[in-house]
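[1] Task: produce atomic coordinates for the following.
(2 chains)
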Amino acid sequence: MERTVPPDHPGGVVPYGRRRGVGRALAPYLLSLPAGLWLLLLFVIPLAFMLSLSLKTCSPSTGACVMTWHWGEIPSEVSLYHQEFITSLYFAAIATLIDLVISFPIAYWIAFYGGRRKNFFLLMLLVPFFVSFVIRTLVWEFILADNGVVLGTLKHIHLLPSGFHVLGTSYAVIAGLAYNYLPFTALPLYVALERIDRRVLEAAHDLYATRRAGFMKVIMPLTVPGIFAAFLLTFIPMFGDYVNQQILGGTSNTMIGTVIQNQFLVNFDLAGGASLSAVLLVVALLGIYLYARLLGSRTIDQYL
Amino acid sequence: MSIKSEGEAEAALSTRDVKTSGRSSRIANLESADVEFVNVTKTFNDTNAVEDLNLRVEAGEFFSLLGPSGCGKTTSLRMLGGFEDPTLGRILLGGQDVTNLPPYRRDVNTVFQSYALFPHLNVYENVAFGLRRQRIEKQEIKRRVGEMLDVVDLPNFEKRQSSQLSGGQQQRVALARALVNQPKLLLLDEPMSALDAKLRRQMQIELKRIQTQVGITFLYVTHDQEEAMTMSDRLAVMWHGRVEGMGPPKDVYDSPTTEFVASFLGASNLLAGRIDSVAGRRTVVAIDGGGSVVVPSDRVPDLAGSLEVKVGVRPEKIGIQAVGTPVADAHNAVNGRVRVSTFTGVGNQYIVETALGVNVTVYAQNIGHQFAPRSGDDVVLTWPEEHTFIVKPLPKSIEMNETEGD
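    Below is the predicted model:
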């Protein structure tokens, strides 16, 4: 409907309304501006820079890079370091599995039997993780040291041979990974289990489901999105982790994260490091894509 | 919902005889599927949610537990379903003690207040859930689920997800999911509370029809007195964990025995008084505010020696007439002055200040050409002695404020 308003319209209703309209239309954009800038400056630009870097050729001595569209860097890096990729995949998979097995009963217990102290139990679960990631890992190095508190004592009372060691082995790296990422598994599982309507479980028992059937046919299917979210949140960062391997691992079990770090900081092979990072990113995106395809994109933000 | 022929629905449900009788853990096939609560008490945190409940529901009956929120009706139903353990007492199903059986060992199914459909399963799998747990053969499951979806008028809904259904459709799925197991007893926990008024009335009629056709005992929990009276063969009014009145709706409505029932089930004018004399079939009660009222002697409950009573009469039982007109035989009559006169369409509601010292509510149906006084007019209120009842007054310490349901 069109309405002509004379310019000297005394009420001023329309101009006022128009001003308000403009403000309203802009409000969502203005509100999202800080977050948008943050994303652009600290995520989109570095990402684009990193991806373009993988296609450049850099001089190892000066560090100057020229865009050469050298796609071959990626396959050559992958073939050079495929063993480290496989090691990372293997360590991250085992550690994620360990985390799922450990956290499921914990999350289940807190969600179903935590009662009024649920938040307290969650806090107890998280308190160790208020300490810095690196410091926690260093403490593990101290605990697992060849002649440290645990092994030293056990060796002293001859329960272990004097040559026994944990540090430097794959076991130490996997244990460190599993320990450091436990909350990232436990929390999404807890959220998924907590969201299950208890009345739905009662309905299952009412419909002749034994405790076991209720668990298998109701709790488990309803927890699957949470399990997948836990898997993503744990597996992807573990895959690129280098701290655990560097502190707790040895030379024979190098993970891809360590290689990337060395490429950038030791070898000054910027293009090589960027290429490996790009591959890592593709693996992560693939995981998220699978999640969205299998479980519906709507559920993803409920757990992340 | 389409009306199915009696025979069709019976055919759908007559498979009860051939169902899996092999599960020895389940209650064996019983002829009388009556329910019995024997001295059942349930205590939560030192408060009795249900207190010494004794109740018997006959096979094939539509029985309602009616009361305000927190009266113990849902707790009673949950104890029957196996979701709560009684603190004291026993629960019998068809004569067998099920007090300590888990829900999945009871031949009882429940329609939950929130429906509690399985969100990860479609309509077909929701309805088939109970049959699958009983390891019934696939073809049989398919047949029974299909038939049951027809009974609740949801054909071709098999593939729908429960989140795609309206409230009324969800309720029908919940009903089908329970009935498909052909239980001896169906528990319904306020199944209408999420429906709008019109759909609710429609579903009340549907539910009663289905119950008549399938012949299963229904135990229905509600706070809606109209709903309970519409559908029930018998009902029990609960308050503070106790049964305050039980019987066919008409009996409980017409002859309430406690003050709570008189007020909760419909409306009542209650006049405090004291029994003055008993002369054969007529008992005279002196009203505290002055005057007296005659009550049939068989309407006087056990007062445990006390003479303090409350006399009650329903607003619709009272006639309103002009001063000077003759009063019929065996009627109570009292003079008064109309304070408020409200036209409600289907009738007139009057609040009359009476010689008994209290205001009395009168409800007169709008059937035209009758005496219709205005406020300020002097009138005579009359009602048959047989429509007068006596209830034991509540102890003064108990407030009867909580009569609204949740």
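
[2] domains for chain A, by residue range?
    A:13-53, A:71-302 (automatic domain parsing).

[3] C-alpha coordinates for stretch B:149-169, PDB please?
    Output of stretch B:149-169 as PDB, limited to C-alpha atoms (Å, rounded to 0.1, in the frame of the first residue of the first chain):
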ATOM      1  CA  LEU B 149      -3.400 -47.800  13.700                       C
ATOM      2  CA  ASP B 150      -6.800 -48.200  12.100                       C
ATOM      3  CA  VAL B 151      -8.600 -48.400  15.400                       C
ATOM      4  CA  VAL B 152      -7.000 -45.100  16.500                       C
ATOM      5  CA  ASP B 153      -7.700 -43.700  13.000                       C
ATOM      6  CA  LEU B 154      -4.100 -43.100  12.000                       C
ATOM      7  CA  PRO B 155      -3.800 -45.300   8.800                       C
ATOM      8  CA  ASN B 156      -0.700 -44.700   6.600                       C
ATOM      9  CA  PHE B 157       1.100 -42.900   9.500                       C
ATOM     10  CA  GLU B 158       3.600 -45.800   9.900                       C
ATOM     11  CA  LYS B 159       6.600 -43.900   8.500                       C
ATOM     12  CA  ARG B 160       6.000 -40.600  10.200                       C
ATOM     13  CA  GLN B 161       8.400 -39.400  12.900                       C
ATOM     14  CA  SER B 162       6.800 -38.600  16.300                       C
ATOM     15  CA  SER B 163       8.100 -35.000  16.000                       C
ATOM     16  CA  GLN B 164       6.000 -34.600  12.900                       C
ATOM     17  CA  LEU B 165       2.700 -35.300  14.700                       C
ATOM     18  CA  SER B 166       0.200 -33.000  16.300                       C
ATOM     19  CA  GLY B 167      -0.700 -33.300  20.000                       C
ATOM     20  CA  GLY B 168      -3.900 -35.300  19.200                       C
ATOM     21  CA  GLN B 169      -2.000 -37.600  16.800                       C
END
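
[4] Give me the mean pLDDT for that stretch.
    Regarding stretch B:149-169, the rounded mean pLDDT is 88.

[5] Just the buried positions in it, please.
    By neighbour count with 16 or more other Cβ atoms under 10 Å in any protein chain shown, stretch B:149-169 contains the buried residues B:149-152, B:154, B:157-158, B:160, B:162, B:165, B:168-169. Where C-beta positions appear, they are placed from N, C-alpha and C, glycine not excepted.

[6] quick revisit: tell me which of the domains of chain A sits most buried.
    Stretch with highest mean neighbour count among those: domain A:71-302 (a mean of 18; mean count of other Cβ atoms under 10 Å in any protein chain shown).

[7] That one and chain B, any residue contact?
    Yes - using Cβ under 8 Å from any Cβ of the partner chain, domain A:71-302 reaches chain B at A:197, A:199-200, A:202-210, A:213, A:217-218, A:221-222.

[8] Least confident of the domains of chain A, on average?
    domain A:13-53 (a mean of 80).

[9] following the helix or strand hosting residue A:188, which helix or strand shows up next?
    Per DSSP states H and E: residue A:188 is located in helix A:170-194. Later in the chain than helix A:170-194, the nearest helix or strand by DSSP H and E is helix A:198-206.

[10] That next one packs against which elements?
    helix A:211-214, strand B:108-111 (3 or more Cβ pairs under 8 Å, 6 or more residues apart in numbering or on different chains; DSSP states H and E).

[11] buried residues in the last one?
    Under the neighbour-count criterion of 16+ other Cβ under 10 Å, strand B:108-111 has B:108-111 buried.

[12] who are the neighbours of it, in terms of helices and strands?
    Helices and strands touching strand B:108-111, by 3+ Cβ pairs under 8 Å, 6+ apart, are helix A:198-206, helix B:73-81, helix B:167-179, strand B:185-189.

[13] who's in contact with the nearest residue to residue A:218 once chain neighbours are set aside?
    Spatial nearest neighbour of residue A:218, excluding adjacent residues (Cβ to Cβ, 6 or more residues apart in numbering or on different chains): residue A:204 at 4.7 Å. Applying Cβ atoms under 8 Å, 6 or more residues apart in numbering or on different chains, we find residue A:204 in contact with A:213-214, A:217-218, B:118, B:129.

[14] before we move on, what about residue A:85?
    A:78, A:256, A:279.

[15] Specify the local secondary structure of the first one.
    Using DSSP: H, G, I helix; E, B strand; the rest coil as the criterion, the local structure at residue A:78 reads helix.

[16] What distance do you get for it to residue A:89?
    Distance of residue A:78 to residue A:89, computed by Cβ to Cβ, to the nearest Å: 13 Å.

[17] With the last one instead?
    As for residue A:279, its distance to residue A:89 is 12 Å (criterion: Cβ to Cβ).

[18] again with the second one
    Between residue A:256 and residue A:89 the distance, using Cβ to Cβ, works out to 9 Å.

[19] Could you tell me which residues touch both of the two?
    Counting by Cβ under 8 Å, 6+ apart, the residues touching both residue A:256 and residue A:89 are residue A:239.

[20] Could you say which helix or strand holds the residue nearest the centre of chain A?
    For chain A, the residue nearest the mean C-alpha position is residue A:233 (3.5 Å; Cα atoms, centre = their mean). Here residue A:233 is covered by helix A:220-240, with elements defined by DSSP H and E.

[21] Could you find the closest non-adjacent residue to the residue nearest to the centre of chain A?
    residue A:184 (4.4 Å).

[22] which ones are touching the one you found?
    Counting by Cβ under 8 Å, 6+ apart, residue A:184 touches A:99, A:230, A:233-234, A:237.

[23] for those, which one is nearest residue B:187?
    Proximity of those to residue B:187 (Cβ to Cβ) peaks at residue A:230, which lies at 37.1 Å.

[24] Touching, that closest one and residue A:183? I think so.
    No - here residue A:230 does not reach residue A:183: they are 10.1 Å apart, not a contact under Cβ atoms under 8 Å.

[25] Going along the chain, name the helices of the stretch 1-150 of chain B.
    Here the stretch 1-150 of chain B has its helices, by DSSP state H, counting those that start in this stretch, at B:6-13, B:73-81, B:123-133, B:138-151.

[26] Chain A is nearest to which of those?
    helix B:123-133 (3.6 Å; Cβ to the nearest Cβ).

[27] Report the angle between the closest one and helix A:198-206.
    With axes from the mean of the first three to the mean of the last three Cα atoms, to 10 degrees defining the directions, helix B:123-133 sits at 50 degrees from helix A:198-206.

[28] tell me the secondary structure for the most centrally placed residue in chain B?
    In chain B, the C-alpha nearest the mean C-alpha coordinate belongs to residue B:228, at 3.3 Å (Cα atoms, centre = their mean). Of the three states, residue B:228 takes helix according to three-state DSSP.

[29] so how far is residue A:51 from it?
    69 Å.

[30] where are the low-confidence patches of chain B?
    Along chain B, segments meeting pLDDT under 70 span B:1-33, B:369, B:396-406.

[31] How about the residues of it by chain A?
    When proximity is defined as Cβ under 8 Å from any Cβ, chain B approaches chain A at B:81-83, B:102-104, B:108-110, B:112, B:114, B:116-120, B:129-130, B:133-134, B:177-178, B:181.

[32] Select only the buried ones of these in ChimeraX?
    A single ChimeraX command selects the buried members of those (16+ other Cβ under 10 Å):
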select /B:81,82,83,103,104,108,109,110,112,114,116,117,118,119,120,129,130,133,134,177,178,181
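
[33] tell me the secondary structure for residue A:47?
    Three-state assignment for residue A:47 (three-state DSSP): helix.

[34] show me the contacts for it.
    Applying Cβ under 8 Å, 6+ apart, we find residue A:47 in contact with no residue.

[35] where's it relative to residue A:264, distance?
    As defined by Cβ to Cβ, residue A:47 lies at a distance of 15 Å from residue A:264.

[36] cool, and residue A:227?
    Distance, residue A:227 to residue A:264, by Cβ to Cβ: 34 Å.

[37] Next SSE downstream of the helix or strand encompassing residue B:379?
    Taking DSSP H and E as the definition, one finds residue B:379 inside strand B:378-384. Past strand B:378-384, further along toward the C-terminus, the next helix or strand under DSSP H and E is strand B:389-391.
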